[in-house]
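> sequence unknown, structure follows:
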């Protein structure tokens, strides 16, 4: 025991705090599982036309996940760059835009967004359980996650990202 007699209770409080933290971490981990080690965080969504797809459908391809919302100014500012990437890389890269705001981005709104931009790639609302945006720890939009041919997250950018940066990273994975 120390001079003030608090060491014993402080140690006990610290042990309880650590135990509580571990319990919370284990509980949260079981609610929102992420496949640790493999780097693969598969998900299944339904696109804006009612077709179901999974990340595993694109095994062997490089994938660019675009977490966005139609009301997001920076997302709008990024669209011309994404369209240019898609035009240049075509079928070599799979782009998937996922609206993290499914309450405000209806399928109809996303269809109009896609048509207005000429964005000829998959668009979906994040209605998965758990949300794909949570699985990928998206905290701001736009967020870009680039996944290699083996399904492993290789690059991540939060906020408006230069088209040249995304192009360089995608090309590095295409070899």
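Received, thanks. Owing to the predicted nature of the structure, the values given are computational and were not obtained by experimental measurement.

> make it CA atoms for all contacts and neighbour counts henceforth
Noted.

> what sits against the closest residue to residue 47 other than its chain neighbours?
The shortest distance from residue 47 to any residue other than its chain neighbours is 4.3 Å, reached at residue 124 (CA to CA, 6 or more residues apart in numbering). By CA atoms under 8 Å, 6 or more residues apart in numbering, the residues touching residue 124 are 45, 46, 47, 48, 96, 97, 98, 99, 107, 110.

> What is the burial count for the fourth one?
Just to be clear, that refers to residue 48. Residue 48 has 18 neighbouring residues, counting by other CA atoms under 10 Å.

> name the helices or strands packed onto the helix or strand that residue 145 is a member of?
Using DSSP states H and E, residue 145 falls within strand 143-147. Taking 3 or more CA pairs under 8 Å, 6 or more residues apart in numbering; DSSP states H and E as the contact definition, the neighbouring helices and strands of strand 143-147 are strand 62-68, strand 153-158.

> Go ahead and flag the most central residue of this protein.
Centroid-nearest residue in the chain: residue 136, 4.1 Å away (criterion: CA atoms, centre = their mean).

> For that residue, which residues are in contact?
Residues near residue 136 by CA under 8 Å, 6+ apart: residue 41.

> Can you find the helix or strand of this protein with the lowest average pLDDT?
Of all helical and strand segments in the chain, the minimum by mean pLDDT, DSSP states H and E falls on helix 7-31, at a mean of 47.

> Can you list the neighbours in contact with the helix or strand just after that one?
Secondary structure here is assigned by DSSP H and E; on that basis, the next helix or strand after helix 7-31 toward the C-terminus is strand 44-46. Strand 44-46 is contacted by residues 52, 53, 54, 55, 124, 125, 126, 127, 128 when judged by CA under 8 Å, 6+ apart.

> isn't residue 65 right up against residue 145?
Yes. Because the distance of 5.0 Å satisfies CA atoms under 8 Å, residue 65 is recorded as touching residue 145.

> now this protein, which segments are flagged as low pLDDT?
1-40 (pLDDT under 70).

> I appreciate the help and will end here.
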